[in-house]
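*Asks:* give the three-dimensional model of this entry:
(chains A and B)
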There are 2 protein chains.
Amino acid sequence: MKKVDLLVIGGSAGGILAATTARKVYGDIKIALIRDTNSVMIPCGIPYIFGTLKDTKKNIIPDGAVTNSDVELIIDRVTKINREDKNVITRDGETIEYDKLIIATGSLPFVPTFIPGYDLENVYAVLKEEEYLNEVLEKAKSAKNVVVVGGGFIGVEFAEQFAVDGKNVTLVELADACVSAAFDKEYTNELEEKLKEGGIDVRTSTKVVKINGKTAVETVELESGEKIEADLVILGLGARPNGKLAADAGIEVTRRGAIVVDQYTRTSDPDVFAVGDCAIKRCFFTGKDVPILLASTATGEAKIAGSNAFELRLVRENKGTISAFATKVFGRTFAAAGLTEAMAKKEGFSYITGETKTFDKHPGNLPGAQMLNVKFLFSKCSGVILGAQISGGDSVAEMINVLSLSIQNGITASQLNTFQAATHPLVTASPVAYPINAAAMDAVRKNCTILNAAK
Amino acid sequence: MKKVDLLVIGGSAGGILAATTARKVYGDIKIALIRDTNSVMIPCGIPYIFGTLKDTKKNIIPDGAVTNSDVELIIDRVTKINREDKNVITRDGETIEYDKLIIATGSLPFVPTFIPGYDLENVYAVLKEEEYLNEVLEKAKSAKNVVVVGGGFIGVEFAEQFAVDGKNVTLVELADACVSAAFDKEYTNELEEKLKEGGIDVRTSTKVVKINGKTAVETVELESGEKIEADLVILGLGARPNGKLAADAGIEVTRRGAIVVDQYTRTSDPDVFAVGDCAIKRCFFTGKDVPILLASTATGEAKIAGSNAFELRLVRENKGTISAFATKVFGRTFAAAGLTEAMAKKEGFSYITGETKTFDKHPGNLPGAQMLNVKFLFSKCSGVILGAQISGGDSVAEMINVLSLSIQNGITASQLNTFQAATHPLVTASPVAYPINAAAMDAVRKNCTILNAAK
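*Replies:* Modelled structure (predicted):
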């Protein structure tokens, strides 16, 4: 029987960082990571397999990410957790004893079994496994007409990559806009325009009612009765927490199947932690359970678990998920963090916006300069930043992280208004119009206008 | 006689933002801005006139930046400030009365009059005036051999642009490395390698002792006796605060000529403010007077002046200059904020470093991916971030601003270790290796190693 100090179940972002963090924090202890796949896909890289990369091998997280930290890598599947004996049983019949256990079993794609034809050939949900994705890639080679169901980030990115690859692509979204969980209308409009310019047929406010075909898909049928030709269908309808192993062991899970954890990622069993997509996510602003599953959230949680497995060493700095996103479609980058106006309204926040537009290089006539669109939301009375949305060139993704950090640390409009930023003609906006300062100033201006009028 | 509520002297970054901010904050008041040039150059864009832009007209801050905010723009020169009468006298004989005055007269390039031949033809300091720069541009057209004296940011950028333009360029720097005020040796080495790859002859630890020629420069003579052929010389030896107008009016200035101001940019006269290069700069970490002249510092100060001219409305959030820089040479971007190791040692800070390397896209085999080198400095006991240095692709400039904000707000290694960042395959590093998290983790690891050993 094998015995380790720390056992991690799951080999993706969360599992890797839980194990390697524990190595860094606790030094010379025995750590093993067990996963049930031969390889691990970079989760957010999956859409790019189908256009830019054209090879699942190019989208692998190398095993060195685990083994270079002197963590034993076991390829096997845990079938049962015995909490009383503090061990796990594997498919291959092994028993592994642990002192502390971190569960990072991730999520499974949501499959809409209520849509007739969901199980036809050439209809694929986005499972994060290499062999499965190779099968999709093989089918994609000969596909001409692709329908992507679901206009969230994954759906949008798959659609863009298939279009880059020269296919006829239709993107179907139930809501009235794509990526509407992260962006307000002016940004979703801009993103949809880019998709359309790229040749994608974008159908919002539309429901898929049926997938038709004999053995393989032939058409996708919408609520209106319209049938869209398809020889490949991608179901990008989000994912569900994979908390089954924990639930079977009697660990508390939510109705949606997410493992319940405290702010130190501890489950109802003090020796068992859970991180990433399989664990409950709490909204930074309200503490409510929110279905935001992101690798970048998983890694933060994993570091907290790995640091605190044996004693509480790393005081929890992440007080909930802030939903920090970035994506790029047809050369344009969109990024967001925190609350949109729609979400702020729904939750009842009193807010003020700050907006600006400026080029991402200066002067704006420099080659490759793109217009930046920036919108921030601030709490009206406290002045604290609640959310940010930006579109522009590649640098938008790192720019949003200034706001991600600000949201997580209660930074105010007044602080952002005069915060000192590095600027340079070739790689940022002008200091005169630096957009983080300028959008904050816009909110300050609005407050001053109210103040002046009231005098 | 003209009378305004607020008069701003100076038309560059500081002056513009002082005037436009006052408009936003105070609403309907009378504001005028007076400057002595017909046009205003984007200060940090000046080197790019000589390679990428090839036209001073493309590097102008448009007058609309002032006039669109209903600020009267006056082209004239203030020759005297009469503080008792609260008015200024101009070259054209006008008298302008003010209620509040903001001085933003900037800086003048340092001219090394101790170097014989400094005043020969075709030897130019970097004056920020269009006609002057047009003259340099005209001379540059026929120049084959250019010597740039001074390896700070301006010198490095001029050298790079002349090399891009196909000239033989020699860069001479007195210190043992270029841009050593902002970066430690491993980063200055990398930057110098890029300059050399780009064909620039980089000479560090070398002094120019003489500039030789009959009427125009012919050679630049080094301490060693070596003479470098030159038909154009650029003196990039920094700038000095232009506080003369204020000093003549009896306002307190430092020995270096910088106008002394408090944290609200108020001079010794309560109705007179000073911002930007002409005003004293205090180090964020020590409060000491530091010679860091940056447009991005000027804009922050200008917003504080414009907001507080009539009453203290904007509580000062910038507690001193943190020296946030970015530059790009031959496709590689270098950015820094706060203290280098050399500076931390000199000031006596006890610090710990956190370092990491990773690609700026994920997977790293995506087209255009660059390796990011990241180094942070944290206060050893308090954990607060003191400095950051990053090299990589274009996104480095916005990435450093996450650290600029962190430095200004006392963020710790522990907070950065688990801060939630937006990531995306095409535009950022992997969430598994996100460099801000990872470099902070490296510092946390070092502290844990000490802790574990002491147990």
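*Asks:* OK, contacts around A:Asp119?
*Replies:* Contact analysis of A:Asp119 by CB atoms under 8 Å, 6 or more residues apart in numbering or on different chains lists A:Thr113. Every C-beta, even on glycine, is put in place using the N, C-alpha and C of the backbone.
*Asks:* quick check: which element contains it?
*Replies:* Following DSSP states H and E, there is no helix or strand that holds A:Asp119.
*Asks:* which single residue in the stretch 1-150 of chain A comes nearest to chain B?
*Replies:* The nearest approach of the stretch 1-150 of chain A to chain B comes at A:Lys24, 3.9 Å away (CB to the nearest CB).
*Asks:* name the nearest residue to that residue, ignoring sequence neighbours.
*Replies:* Spatial nearest neighbour of A:Lys24, excluding adjacent residues (CB to CB, 6 or more residues apart in numbering or on different chains): B:Arg445 at 3.9 Å.
*Asks:* one more: A:Val384?
*Replies:* Excluding its sequence neighbours, the residue lying closest to A:Val384 (CB to CB, 6+ apart) is A:Gly410, at 5.1 Å.
*Asks:* does the one you found touch A:Gly383 like I think?
*Replies:* No. Assessed by CB atoms under 8 Å, A:Gly410 is found out of contact with A:Gly383, at 9.6 Å.
*Asks:* if you count surrounding residues, which of the two has more?
*Replies:* A:Gly383 (19 against 14; other CB atoms under 10 Å in any protein chain shown).
*Asks:* residues in contact with the more buried one?
*Replies:* A:Thr412, A:Ala413, A:Ser414.
*Asks:* and A:Ser296, which of the three is it?
*Replies:* Three-state assignment for A:Ser296 (DSSP: H, G, I helix; E, B strand; the rest coil): helix.
*Asks:* what about the helices in the stretch 301-450 of chain A?
*Replies:* Using DSSP state H, counting those that start in this stretch, the helices assigned to the stretch 301-450 of chain A run over residues A:341-347, A:396-408, A:413-417, A:435-454.
*Asks:* one more: the stretch 101-250 of chain A?
*Replies:* A:130-142, A:153-164, A:185-197, A:244-248.
*Asks:* okay if I get these as TSV plus mean neighbour count, distance to chain B and mean pLDDT?
*Replies:* Putting those into TSV (neighbours: other CB atoms under 10 Å in any protein chain shown; distance: least, CB to the nearest CB, whole Å; pLDDT from 0 to 100) gives the following:
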stretch	mean neighbour count	distance to chain B	mean pLDDT
helix A:130-142	15	13	97
helix A:153-164	24	9	98
helix A:185-197	17	14	98
helix A:244-248	18	22	98
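*Asks:* redo these as a markdown table? Include distance to A:Met343.
*Replies:* Listed next are those as a markdown table, based on distance: least, CB to CB, whole Å:
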| stretch | distance to A:Met343 |
| --- | --- |
| helix A:130-142 | 32 |
| helix A:153-164 | 16 |
| helix A:185-197 | 13 |
| helix A:244-248 | 29 |
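*Asks:* so what's the residue sitting nearest the centre point of chain A up against?
*Replies:* In chain A, the C-alpha nearest the mean C-alpha coordinate belongs to A:Leu294, at 2.9 Å (CA atoms, centre = their mean). Residues in contact with A:Leu294, defined by CB under 8 Å, 6+ apart, are A:Thr321, A:Ser323, A:Ala324, A:Phe325, B:Pro431.
*Asks:* identify the farthest-apart pair in those residues.
*Replies:* Using CB to CB, those span at most 13.9 Å, a distance reached by A:Ser323 and B:Pro431.
*Asks:* neighbours around the closest residue to A:Lys281 other than its chain neighbours, how many?
*Replies:* Spatially, and ignoring its direct neighbours in sequence, A:Lys281 is nearest to A:Thr321 (4.8 Å; CB to CB, 6+ apart). A:Thr321 has 22 neighbours, counted by other CB under 10 Å.
*Asks:* how far away is A:Thr321 from A:Ser12?
*Replies:* As judged by CB to CB, to the nearest Å, A:Thr321 and A:Ser12 stand 17 Å apart.
*Asks:* same question, A:Thr267
*Replies:* 19 Å.
*Asks:* check A:Val25 too.
*Replies:* The value you get for A:Val25 to A:Ser12, if CB to CB is used, is 20 Å.
*Asks:* what does A:Asn373 give?
*Replies:* Plainly put, A:Asn373 is 33 Å away from A:Ser12 if you go by CB to CB.
*Asks:* same check on A:Gln161?
*Replies:* A:Gln161 is 21 Å from A:Ser12, where distance means CB to CB.
*Asks:* try A:Asp231
*Replies:* 30 Å.
*Asks:* go on, A:Val126?
*Replies:* From A:Val126 to A:Ser12 the distance is 14 Å (CB to CB).
*Asks:* the two: which has the busier surroundings?
*Replies:* Under the neighbour definition other CB under 10 Å, A:Val126 and A:Ser12 were set side by side, and A:Ser12 has more, 26 against 23.
*Asks:* of the contacts of A:Gly383 - the most surrounded one?
*Replies:* Counting neighbours by other CB under 10 Å, A:Ala413 comes out on top of the contacts of A:Gly383 with 26 neighbours.
*Asks:* contact partners for that one?
*Replies:* A:Ile352, A:Gly354, A:Phe376, A:Phe378, A:Gly383, A:Ile385, A:Ala440, A:Ala443, A:Val444, A:Asn447.
*Asks:* per-residue pLDDT, the fourth one?
*Replies:* Per-residue confidence for A:Phe378 comes out at a pLDDT of 98.
*Asks:* quick one: it from A:Val290, how far?
*Replies:* Here A:Phe378 is placed at a distance of 21 Å from A:Val290 (CB to CB).
*Asks:* these two - which one has more neighbours?
*Replies:* Per other CB under 10 Å, whichever of A:Phe378 and A:Val290 has more neighbours is A:Phe378, with 29 against 18.
*Asks:* and stretch A:321-330, how far out from the chain middle?
*Replies:* Centre-to-centre, stretch A:321-330 and its host chain are 7 Å apart (CA atoms, centre = their mean, to the nearest Å).
*Asks:* same question for stretch A:167-183.
*Replies:* Put simply, stretch A:167-183 sits 16 Å off its chain's centre (CA atoms, centre = their mean).
*Asks:* what do you get for stretch A:75-85?
*Replies:* Mean C-alpha position of stretch A:75-85 versus that of the full chain (CA atoms, centre = their mean) differs by 28 Å.
*Asks:* all strands of the stretch 51-200 of chain A, in order?
*Replies:* Taking DSSP state E, counting those that start in this stretch to define them, one finds strands in the stretch 51-200 of chain A at A:72-75, A:78-82, A:87-90, A:95-103, A:107-109, A:123-125, A:145-149, A:168-172.
*Asks:* hmm, who's touching the last one?
*Replies:* Outside strand A:168-172, the residues within contact range by CB under 8 Å, 6+ apart are A:144-151, A:155-156, A:159, A:162-163, A:178, A:195, A:199-203, A:206-208, A:220, A:222, A:228, A:230.
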